[in-house]
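Enquirer: just coords:
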């Protein structure tokens, strides 16, 4: 059974940093694209960042320059380093895995999802 488990969420003041981790179990994701999405209350789930099997990265405009996605293939883990956090970054953050290639910015393309971790940024 495939599982993605996110950790690292929490409460932080504006301007602070958090590092999210997503550990995958049940299969090797070295050939998958791994992504982070977020969903704030009353809003649709939105793309945050993705990293391909070849370490090519993509970011949403709202987080570019502040967030960094990385992966450790040996640990089957993807990370999201979030710096200069803003209150508008408050959301539940989800990691997801997409087999092979696809539109990495589209949630529907992803096959596996984690349960989410809450990030709250206070002003």
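Expert: Received, thanks. All values reported here derive from a predicted model rather than from experimental measurement.
Enquirer: Could you measure from the most centrally placed residue in the chain over to residue 23?
Expert: By Cα atoms, centre = their mean, the mean C-alpha position of the chain lies nearest to residue 36, the distance being 2.2 Å. As judged by Cβ to Cβ, to the nearest Å, residue 36 and residue 23 stand 14 Å apart. Quick note: C-beta positions are derived from backbone N, CA and C, even for glycine.
Enquirer: thinking again about what came up before, name the element the residue nearest to the centre of the chain belongs to?
Expert: Using DSSP states H and E, residue 36 falls within strand 32-39.
Enquirer: from the chain's centre, how far out does whichever helix or strand comes after that strand sit?
Expert: Toward the C-terminal end, the helix or strand that comes next after strand 32-39 (DSSP H and E) is strand 46-51. Computed by Cα atoms, centre = their mean, to the nearest Å, the chain-centroid distance of strand 46-51 equals 6 Å.
Enquirer: Could you list the paired strands of strand 46-51 along with their orientation?
Expert: If you go by DSSP bridges, strand 46-51 pairs up with strand 32-39 (antiparallel), strand 57-59 (antiparallel).
Enquirer: Quick one: name whatever helix or strand follows the shortest one.
Expert: So the one you mean is strand 57-59. Following strand 57-59 toward the C-terminus (DSSP H and E): strand 67-72.
Enquirer: hang on, isn't residue 1 packed against residue 112?
Expert: No: between residue 1 and residue 112 there is no contact, the gap being 10.3 Å when judged by Cβ atoms under 8 Å.
Enquirer: Fine, thanks again, bye for now.
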